[in-house]
Structure formats: structure tokens, C-alpha cells
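In: Structure, please.
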Amino acid sequence: MPTAIFGKWGNSLALRIPGEVAASVRLREGDAVEIEAEADRLVIRPAVPRFSAADLFAGQSAAAWRAAYQGAFDWGEDIGREVVPE
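Out: Numbers count the residues shown, from 1 in each chain. Down below sits the predicted model:
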């Protein structure tokens, strides 16, 4: 089992991940990770990207989204409060 030693990086501790360990979980320089303490263990896992709805839909109008996905689903006609003005 590979081992590593903590070093000092400013006011924080730094841990150098051995290359074989990083390769086995496909980590590369610049990747984000989540770090959590569980009892007497340190758990490090790849971070899950978090996006806001604004990020996901930026740059597209409602009309453009409807055109892109027209025919993908047929939910029937819009009625009542479902009607979206153009």
C-alpha cells in the first residue's frame, strides 16, 4: 500500500498523492476533490460538479430550447397555467 507524508503549504497541510493512486482513480492536476473526516479516516473523492439552472440554460431563449427539443416528448397541448407566452 502506497504511503504519503503531509507537508506544509502556507497555513495549510498538503498531501502529495502517489501517481499510481491518482492514476487508478483517474485524478489529474486541477481536478477538484471533496475531503471528509469519518471517525478516524480521511476520505477523499472526486467532487461532483454543481451547476445552477442559470448556468445550464444560459445563452438560450425559451424559443430556442423548444425548437431544439421539439418532438422529443409529446405531452399534448399546453392548457391552463402550462401555457408559456412566446
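In: and Asp78, what are its phi and psi?
Out: Main-chain dihedrals, Asp78, degrees, to the nearest 10: phi -70, psi 140.
In: what about it, how many neighbours?
Out: Neighbourhood size, Asp78 [other Cβ atoms under 10 Å]: 9. Backbone N, C-alpha and C define where each C-beta goes, glycine included.
In: Could you measure from it over to Ile35?
Out: The gap separating Asp78 from Ile35 is 46 Å, by Cβ to Cβ, to the nearest Å.
In: mind giving me the domain ranges of the chain?
Out: Using automatic domain parsing, the domains assigned to the chain come out as 6-46, 53-80.
In: Averaging pLDDT over each of those domains, report the lowest-scoring one.
Out: Lowest mean pLDDT of the domains of the chain: domain 53-80, a mean of 82.
In: Endpoints of it, how far apart?
Out: In domain 53-80, first residue to last residue: 24 Å (Cα to Cα, to the nearest Å).
In: for stretch 54-64, same thing?
Out: Per Cα to Cα, stretch 54-64 runs 15 Å from first to last residue.
In: tell me which residues of it are tucked away?
Out: By neighbour count with 16 or more other Cβ atoms under 10 Å, stretch 54-64 contains no buried residues.
In: Contact partners for Asp31?
Out: If a contact means Cβ atoms under 8 Å, 6 or more residues apart in numbering, then Asp31 has 46-47 as its contacts.
In: how near is it to Leu13?
Out: Per Cβ to Cβ, Asp31 is found 19 Å from Leu13.
In: cool, and Gly59?
Out: Gly59 sits 41 Å away from Leu13 when distances are taken as Cβ to Cβ.
In: Pretty sure Val21 sits in a strand.
Out: No - per DSSP: H, G, I helix; E, B strand; the rest coil, Val21 lies outside any strand segment and is helix.
In: Could you shift the numbering so residue one becomes 4, and keep it that way?
Out: Okay, residue one is now 4; in that scheme the one you just asked about reads as Val24.
In: Could you find the closest non-adjacent residue to it?
Out: Pro5 (5.6 Å; Cβ to Cβ, 6 or more residues apart in numbering).
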